[in-house]
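Student: The following comprises the amino acid sequence and a computationally predicted model.
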Amino acid sequence: MKKIKPECLKAAARLKEIKSRLLSSEKGIALITTMLFTFILASLALVAVNWSTTDINRSDQYLKSRAAFYIAEAGIQRSLNFLNYDSDGKVPGDVGSGFTSVLKNFISSHSSDLTNVSYAGGTYNVTVSDNDDNDSDTAADVDNNIELTSTGTKGSSEVTLRAILHRPLYTAEHAITTEDDLAFKGNATTKGKKGSVHSNSDITGSSNAVEDGITAAGDCDSPCTKASAENLPSINPSDLKSYADFFLNDDGTVSDSAGTTLVQDDNNLSNLTYENSDEYTGWLAWSSNAEGLYYVEGDIKFVDANVPEDGSCKSGKVLICHLPPGNKDNKQQLCLPQPAVKAHLAHGDTEGKCDAESSSSSDEDKSKDKDKDKDKDKDKDKDKDKDKKDEDKDKDKDKKDKDSASLLDLFLPNSAHAADKDKDKDKDEKDKDKDKDKDKDKDKDKDKDEKDKDKDKDKDKDKDKDKDKKDKDKSSKKKSPWKLSVIAEGSILVEGKQNLEDYKKSSRSSDIQNLFFLAGGDIDMKGDLSKTIEGIIASKEQINMEAKLKLKGYILATDEASDKSVVTSNSVSGDLSVTFHGYNNPFLAKPVEVLSLKEL
């Protein structure tokens, strides 16, 4: 075993002593600990600062993105405003022309308000496109849905919103509906599955013939009950202009769907004329014209052209004899407004009653009867002359007898003279008897004449009755109803007796077939409509339903304006009867709805 050197042993002992001293002393530990904690805290502070910086950046980005979101939403709201309201704040706006028109023209029509628009320290841009409606045509809308996108930018943040817009069809729930006040002026009748009456305002008066109840959002009289206001459609005649068969233009011309100006007499349109006077400006219509859907620029008034029983026309109308084009033998007497007379005279009509040619057969019969009466009168006159001659002969004979008697008294004896007198007396008696017989014959002739006169009168009466009956039959055949529907930019007015019937074209959808009267102004219906009407009567302003009318459909007054003064408030009378079970409607609801809004 090798021995350890003493020097090594000493060094090891020295190290052991130093270690023992170090481990047993606590001097310097606080400094080390302090330094360690300082390092840890510095590290945590550095992490915290880093995190704070990141959060600040993130918060800034978030704020900018939210600002961009609201800027983009501002673009959506601005677009909805243009769609729903025009420059005067009236509904609708651009959507009134339909979503297909919106797809084509909306952005270009409002480029300064929808493209690269500065707003709230950022900008927005709006685009519009067709949704997926399975028609493979992105330029046309078929389901009343479109997509609207708006991109908002704020600094480096950009947010795009996509809105699905929908314009729903209006569903009528009542037989009569008005936006403003409605007045009952009689016991109007409504019935059917939807035979109720509603107003979004007040209702005055009432009717106990309303089958399904009366409701109002405002005040109303019993048995009316309170109900919430309902969303009514916007009525815009121009939306349905493309369906028209005839156009009554405000320059007084009539054109067809191709835009060709028509000659009225050649197209069964002669009972239409345009009036421009202090009392009225617009179209006048009467009797019957070509069937179809009429689009009217301005107002149209249906006037009563029937001639009263006394043969005189009311003030403002003129009696004319009308020769229908193509059937001029079928003469008609009409009472027409003064403005219509000139046009009728120009194509052969005459002012005043029709001449006797239209009833020639009856006049010939009367003429023959008159001739027979004249012949009888001549025979009577001959008989009278004969009787008078006989009387004169008798008188002459009596005179001669008297003269001869006076001579006999002078020359003959009394007995002979007496015998002659007796003979004369007998002769006179015979003559008197003859005269009496003649008088009896005269009485018989008078009786016979009276009987003949009575028979002639009875015959004339029978003939007149037959003629009247034939005239009535002819009249009923002539006056077939005028089948039409009317869309007017202005008001529609109806007066007197009218033989109208709703027009239905089988190739058109049921909602268009359901139209009868649609007015951008007022509807004022008076008088008597002889036919039951199947369709919708709708006014953008006010309605007055005084007409004796049976309607299978509904009546609507949206009261969107009061520009016309024909009717100032909504009212219905007791001569009105409406039956309504439900209809497909041609009207779109008033506002565009946002079905969904999503951030892309």
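Tutor: Perfect, thanks for sending it.
Student: per the record, what domains does the chain have?
Tutor: Structural domains annotated on the chain: 61-169+593-599, 172-302+480-584, 305-354, 359-477, as defined by automatic domain parsing.
Student: Using a markdown table, lay out those domains together with mean pLDDT, distance to residue 5 and mean neighbour count.
Tutor: Just so you know, the C-beta spots here come from the backbone N, C-alpha and C atoms, and that holds for glycine as well. Formatted as a markdown table, these follow (pLDDT from 0 to 100; distance: least, C-beta to C-beta, whole Å; neighbours: other C-beta atoms under 10 Å):
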| stretch | mean pLDDT | distance to residue 5 | mean neighbour count |
| --- | --- | --- | --- |
| domain 61-169+593-599 | 91 | 77 | 17 |
| domain 172-302+480-584 | 93 | 114 | 19 |
| domain 305-354 | 83 | 150 | 15 |
| domain 359-477 | 52 | 157 | 12 |
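Student: want to throw the ones you listed into JSON lines with distance to residue 17?
Tutor: Listed next are the domains of the chain as JSON lines, based on distance: least, C-beta to C-beta, whole Å:
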{"stretch": "domain 61-169+593-599", "distance to residue 17": "67"}
{"stretch": "domain 172-302+480-584", "distance to residue 17": "103"}
{"stretch": "domain 305-354", "distance to residue 17": "141"}
{"stretch": "domain 359-477", "distance to residue 17": "148"}
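Student: Now residue 200: phi and psi?
Tutor: The phi/psi pair for residue 200 (degrees, to the nearest 10) reads phi -80, psi 0.
Student: ok, it touching residue 178?
Tutor: Yes. Judged on C-beta atoms under 8 Å, residue 200 makes contact with residue 178 at a distance of 7.1 Å.
Student: coming back round to it: which one, of the domains of the chain, ends up nearest to residue 4?
Tutor: domain 61-169+593-599 (75.4 Å; C-beta to C-beta).
Student: Can you give me the end-to-end span of that closest one?
Tutor: 16 Å (C-alpha to C-alpha, to the nearest Å).
Student: Give me the distance from that domain to the chain's centre.
Tutor: Mean-position distance between domain 61-169+593-599 and its chain equals 34 Å (C-alpha atoms, centre = their mean, to the nearest Å).
Student: Mind jotting down where the helices sit in the chain?
Tutor: Remark: helices assigned in the chain by DSSP state H are 6-24, 29-84, 99-109, 111-114, 338-346, 360-411, 414-478, 510-513.
Student: wait, isn't residue 99 in contact with residue 147?
Tutor: No. Judged on C-beta under 8 Å, residue 99 makes no contact with residue 147 at a distance of 10.6 Å.
Student: where do the contact lists of these two overlap?
Tutor: The contact sets of residue 99 and residue 147 overlap at residue 165 (C-beta atoms under 8 Å, 6 or more residues apart in numbering).
Student: Any idea which of the domains of the chain gets closest to residue 8?
Tutor: domain 61-169+593-599 (72.2 Å).
Student: quick one on the thing from earlier: minimum distance to residue 7: which of the domains of the chain has it?
Tutor: Going by C-beta to C-beta, the one of the domains of the chain nearest residue 7 is domain 61-169+593-599, 74.8 Å.
Student: give me the number of residues near residue 600?
Tutor: By other C-beta atoms under 10 Å, the residues close to residue 600 number 9.
Student: Residue 507 versus the spatially most central residue of the chain, what's the distance?
Tutor: Of all residues in the chain, the one closest to the mean position by C-alpha atoms, centre = their mean is residue 517, 1.2 Å from it. Residue 517 sits 21 Å away from residue 507, going by C-beta to C-beta, to the nearest Å.
Student: Likewise for residue 88?
Tutor: Distance from residue 88 to residue 507, by C-beta to C-beta: 37 Å.
Student: that older thread, for residue 42, which of the domains of the chain is the nearest?
Tutor: Per C-beta to C-beta, nearest to residue 42 of these: domain 61-169+593-599, 29.0 Å.
Student: residues in contact with residue 197?
Tutor: Residue 197 touches 174, 175, 176, 177, 182, 190, 203, 207, 210, 213, 214, 215, counting by C-beta under 8 Å, 6+ apart.
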